[in-house]
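Colleague: predicted model and sequence below, questions to follow.
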Amino acid sequence: MKIGVMNDPRKSIIEEIKLIAAGGYDFVDLTLEAPRAQEVEINLTKKLLDEFNLGIVGHTDPNLPYAYPVKKIREACREEFKRCADIFAQLGAKIMNIHPCYTCPITMKKNLLDLNLEALSSILETVEDFGLTLVLENFSPPFDSVATFKKILRNLPGLKLHLDFGHGNMGREEGIEFCREFPQEILHVHFSDNRGYDDQHMPLGVGNIDWKVAIRALKSINYNGGITLEVFSQEPRVRFKYLEISRNLVYSFWEEV
């Protein structure tokens, strides 16, 4: 099991890598988002990752409307995912995340899952061309249930699961249910706490998620991949203190259960 941190897209990727390395984390969950993390200095970034012995996981903008049923919009989004995949592959990543797309005409809301399946098919092919595995993150309805992910993974061989326990706490089925149903498909995990009604990205132990139960579920499937602490703070002076508290809790429960 390895523990990593996501870069803050409001700040320089280079400075974020230095901070994450100084904190003693195992990898960077590199998100390519505005305002300051869309463009990447490939050579310098790779040099720092190697120098600090940091792994990397690829994370993409959650707001790209890639399933919207307009050809030009889909093509533009697919090009952006292709750009991201190229960057991640050059930096040595093996996994690239994607979020469900919720943008569609009001009259087609009932077709949201099918629109996603259709769009994900071509994005999956594009990402695989770079030697990356695409992982889809659970989030809000209808992408918060085991049944939905069963249909998606059955229809898109090669696509895997990115399990976010914070999202599971807000959805129809918690992370432990996903562990039970998809023991082989979970390739990456996000940890952050909340109180069940919003994606609050709190430090672990502040919300109402039972982390001992969550970690027991992961260990029951012999999960030994990466866990990103997706804990946010508006105050930079306490950001890594919150992360350290969360990391210590994970280590403690990991040994205990």
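Modeller: Cool, the structure landed.
Colleague: show me the shaky parts of this structure.
Modeller: Judged against pLDDT under 70, the chain has no low-scoring part.
Colleague: most remote residue from it's center?
Modeller: The C-alpha centroid of the chain is most remote from T107, which lies 29.4 Å away (CA atoms, centre = their mean).
Colleague: return the distance of it relative to L113.
Modeller: Going from T107 to L113 by CB to CB, to the nearest Å gives 15 Å. Heads up, the C-betas are built off the backbone N, CA and C, glycines and all.
Colleague: quick one, strands of the stretch 151-257 of the chain?
Modeller: Ranges of strands in the stretch 151-257 of the chain, per DSSP state E, counting those that start in this stretch, are 160-164, 186-191, 226-229.
Colleague: for E41, list the residues it contacts.
Modeller: With contact set as CB atoms under 8 Å, 6 or more residues apart in numbering, E41 has these partners: I13, I14.
Colleague: thinking again about what came up before, am I right that the residue farthest from the centre of the chain is in a helix?
Modeller: Yes: secondary structure of T107 (DSSP: H, G, I helix; E, B strand; the rest coil): part of a helix.
Colleague: now it: how far from P69?
Modeller: As for T107, its distance to P69 is 11 Å (criterion: CB to CB).
Colleague: again, but for P9
Modeller: Distance of P9 to P69, given as CB to CB: 28 Å.
Colleague: which one of those two is surrounded by more residues?
Modeller: Comparing P9 with P69 by other CB atoms under 10 Å, the one with more neighbours is P9, at 18 against 14.
Colleague: what about the more buried one, distance to G166?
Modeller: The spacing between P9 and G166, counted by CB to CB, is 18 Å.
Colleague: for P141, same thing?
Modeller: With CB to CB as the criterion, P141 and G166 are 16 Å apart.
Colleague: likewise M108?
Modeller: Counting by CB to CB, the gap from M108 to G166 is 28 Å.
Colleague: neighbour count: the two, which is higher?
Modeller: A count of neighbours by other CB under 10 Å puts G166 above the other of M108 and G166, at 26 against 13.
Colleague: touching, that one and D193? I think so.
Modeller: Yes: if you go by CB atoms under 8 Å, G166 and D193 touch, sitting 6.6 Å apart.
Colleague: find the nearest non-adjacent residue to L113, please.
Modeller: Closest residue in space to L113, ignoring its immediate chain neighbours: P142 at 5.7 Å, by CB to CB, 6 or more residues apart in numbering.
Colleague: okay, and that neighbour sits in which element?
Modeller: P142 belongs to no helix or strand when assigned by DSSP states H and E.
Colleague: correct me if wrong: it contacts N111.
Modeller: No: P142 is beyond contact range of N111, at 11.0 Å (criterion: CB under 8 Å).
Colleague: same drill for the two, tell me which one is more crowded.
Modeller: P142 (19 against 14).
Colleague: mind jotting down where the helices sit in the stretch 1-150 of the chain?
Modeller: With DSSP state H, counting those that start in this stretch as the criterion, the stretch 1-150 of the chain has helices at 13-22, 42-51, 71-90, 112-128, 146-155.
Colleague: relative to K212, which of the ones you listed is closest?
Modeller: For the helices of the stretch 1-150 of the chain, the distance to K212 is smallest for helix 146-155, at 21.9 Å, taking CB to CB.
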